[in-house]
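Participant: Quick one, structure for this:
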Amino acid sequence: MTREEVFEFLNSRNYDVRISGNARWIDQKCTADVILIIADCILQHTGYNTETEFTVSDIWQDQYTKYNVETIFLKPNLDSNMANNEYDKYFSQPINLLEYSGVLLDIGTNSRHNYKINNLELLEFIALRETNSLFFLTNYIRKVLQDSGIYDSFQNFFDNQTHNDFIQLKQTFIDFTITHTRINKPLECGRIFTKILNPLAFSLQKLGTRRGFLSPTPITLDELRYNRINWRDELSGKSKNITRQEYNGQKQQVDATSRYNVERAKRIVRRFNSQYHNSVSEVLQDTELVNATQIHHIFPESEFPSISDYIENLIALTPNQHISMAHPNNQTRYIDRDFQYICLLAKTKTIMNDLLGESRTETYNFYNYKTVLNTGLGTDDFDAIEYLNFASLLEKIDLFYSDFNTDSYGYLLERNRPLL
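Facilitator: Just a heads-up that it's a prediction; the model follows:
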């Protein structure tokens with residue numbers, strides 16, 4: 001699903017809270033990182049089947065969910081009594097948001113809520129990467145506020161950014177919520193207000209709210225996360241400001257999140273390759289007739305952890321290509337540089353077809369691919385390449401692999417080099 005199609009979906013629906021009276025169109029646990037993992041858990045539980053019914057409890061009790069939520073968010077065991085109330089909010093609030101937005105469909109009766117996937121492509125879009133989830137969340141919030149007739153108050157605050165405008169906006173939101181929904185406590189309204197204001201503020205690079213007050217500086221991405229740890233900062237050693245137990249907990253979270261993100265990225269590449277490349281290897285080779293069951297890091301995970309979960313750094317290969325060509329003699333710590341060049345040509349073709357072809361899905365991201373190339377090749381030369389300028393991008397790749405040995409994999413050049 002493209003971003004334009006996300007807009008089309010949101011614009012096709014009326015989210016007016018004055019009509020629905022639904023106070024739970026967003027809530028305290030509805031952050032982009034939580035919505036992403038809940039969307040992913042729903043996809044894994046249902047197997048991408050839009051006819052599969054499920055409840056909040058089904059997602060909660062799924063083994064995939066249990067493993068990832070407990071390890072990533074360092075929550076108590078999902079079966080423990082002390083966790084029940086916390087987990088009820090953690091799972092039900094994002095699912096309520098996805099249902100109100102129309103991504104999910106509530107087919108339950110009376111007080112029992114049974115759900116089905118209503119828009120599979122959008123759910124996959126949300127689960128693809130955190131920036132996608134945040135894009136959806138921000139524009140969903142904006143559309144609800146517009147439909148509900150109070151977005152002008154938010155726009156006035158963003159235009160003026162004064163303390164008085166902040167106080168006025170917060171009170172306007174509290175009055176609106178108490179008038180049109182069942183929420184009747186200003187404190188609860190204030191907590192929800194933060195989850196509404198700050199994603200919008202971040203998208204506009206504006207001031208938002210911190211600890212209930214006007215923030216003195218613009219809102220940052222890290223402030224929007226439920227898990228406020230910078231996953232891409234390596235923990236090189238224990239800080240003097242934290243205990244050993246706290247350090248071990250942080251490291252456990254970082255490691256768990258890294259594993260989760262890499263495995264999720266591999267699943268996405270495998271599913272995309274199955275849907276749009278008939279499960280064959282992205283590196284076209286006449287003698288390789290079996291399916292591409294291996295997902296390979298073009299730039300190795302151990303050397304480049306910051307791009308290890310970028311789908312633009314992953315490529316679908318056959319087992320033979322993976323263990324004999326990408327990693328000669330199955331030496332996983334060794335990358336054949338000549339075959340790496342072939343992989344980059346093939347990956348460029350995949351990304352170009354996804355962004356410019358007839359079946360454009362925008363699963364891949366051109367800017368992310370430039371980040372992968374800059375990081376993997378130790379340069380910033382790709383920054384200057386204009387959006388979707390694949391000709392210049394290929395020229396730059398060729399330059400970095402000018403020492404390519406045609407005697408090794410020269411026979412793969414013709415079939416794998418993109419046609420511009």
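Participant: Let's test this: mean pLDDT of the longest strand seen in the chain, rounded?
Facilitator: Identified as the longest strand of the chain according to DSSP state E is strand 213-218. Per-residue pLDDT over strand 213-218 has a mean of 96.
Participant: which of the residues in that strand are buried?
Facilitator: The neighbour-count check on strand 213-218 (16 or more other Cβ atoms under 10 Å) flags 214-215 as buried. (Each C-beta comes from the backbone N, C-alpha and C, glycine too.)
Participant: Stretch 391-405 now?
Facilitator: Applying 16+ other Cβ under 10 Å to stretch 391-405 flags 393-394, 396-397, 400-401, 404 as buried.
Participant: what's the next secondary structure element after the longest strand of the chain?
Facilitator: helix 221-224 (DSSP states H and E).
Participant: Give me the neighbour count for residue 413.
Facilitator: For residue 413, the count of nearby residues is 13 (other Cβ atoms under 10 Å).
Participant: OK, contacts around it?
Facilitator: 342, 345, 406 (Cβ atoms under 8 Å, 6 or more residues apart in numbering).
Participant: From those residues, list just the buried residues.
Facilitator: For the contacts of residue 413, buried by 16+ other Cβ under 10 Å: 342, 345.
Participant: So which of the contacts of residue 413 sit within helices?
Facilitator: 342, 345, 406 (DSSP state H).
Participant: Among those, find me the one that's closest to residue 92.
Facilitator: residue 345 (46.8 Å; Cβ to Cβ).
Participant: contacting residues around that closest one?
Facilitator: 394, 397, 413, 416-418.
Participant: What mean pLDDT does the helix or strand containing residue 72 get?
Facilitator: Using DSSP H and E, residue 72 maps to helix 63-73. Averaging pLDDT along helix 63-73 yields 83.
Participant: Also stretch 22-41?
Facilitator: Mean pLDDT, computed over stretch 22-41, is 95.
Participant: got it, and stretch 223-238?
Facilitator: 59.
Participant: do the same with stretch 44-56
Facilitator: pLDDT averaged over stretch 44-56 gives 96.
Participant: how long is it from one end to the other?
Facilitator: End-to-end distance for stretch 44-56: 14 Å, by Cα to Cα, to the nearest Å.
Participant: Quick one: neighbours of residue 264, just the number.
Facilitator: Neighbours of residue 264 using other Cβ under 10 Å come to 21.
Participant: same question, residue 389
Facilitator: Count around residue 389 with other Cβ under 10 Å applied: 13.
Participant: thinking again about what came up before, from the buried residues of stretch 391-405, which land in helices?
Facilitator: Reading helices off the buried residues of stretch 391-405 with DSSP H, I get 393-394, 396-397, 400.
Participant: returning to that earlier point: show me which of the contacts of residue 345 is closest to residue 19.
Facilitator: Nearest member of the contacts of residue 345 to residue 19, counting by Cβ to Cβ, is residue 418, at 49.7 Å.
Participant: Where does the closest one sit: helix, strand or coil?
Facilitator: Of the three states, residue 418 takes coil under DSSP: H, G, I helix; E, B strand; the rest coil.
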